[in-house]
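**Q** model the structure of this input:
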Amino acid sequence: MDEFFKTAGMKPIGKVVYAGAASKKGLSKQIARKIERCLK
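**A** Next up is the predicted model:
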C-alpha cells in the first residue's frame, strides 16, 4: 500500500486494521469512528 501511494504521489492519512474481519458481518462503531476521523 505504501508503494502505491508513493507511486501515485500521494500521502496516506492513516491506517485502520480490522482483525478478524472475515468472521464478522459488519463494522463495529469504534472502527467506523476511526475511519471517519481519518477522512476528516
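
**Q** element containing residue 19, please.
**A** Following DSSP states H and E, one finds residue 19 outside all helices and strands.

**Q** where's it relative to residue 9, distance?
**A** Distance of residue 19 to residue 9, computed by Cβ to Cβ, to the nearest Å: 31 Å. C-beta: built from backbone N, CA, C; applies to glycine.

**Q** which residues does residue 5 contact?
**A** Each residue near residue 5 by Cβ atoms under 8 Å, 6 or more residues apart in numbering is listed here: 11-12.

**Q** distance of the spatially most central residue of the chain from residue 34?
**A** Geometric centre of the chain, nearest residue: residue 16, 3.5 Å, by Cα atoms, centre = their mean. Distance of residue 16 to residue 34, computed by Cβ to Cβ: 5 Å.

**Q** what residue ranges in the chain are flagged as low confidence?
**A** By pLDDT under 70, the chain has no low-scoring segment.

**Q** do a quick rundown of the helices in it.
**A** For the chain, the helices defined by DSSP state H occupy 2-8, 29-39.

**Q** count the residues that sit near residue 14.
**A** Residues within reach of residue 14, counting by other Cβ atoms under 10 Å, total 9.

**Q** hmm, it is touching residue 40, no?
**A** No - contact criterion Cβ atoms under 8 Å: residue 14 and residue 40 do not qualify, at 10.4 Å.

**Q** nice, that's everything, thank you.
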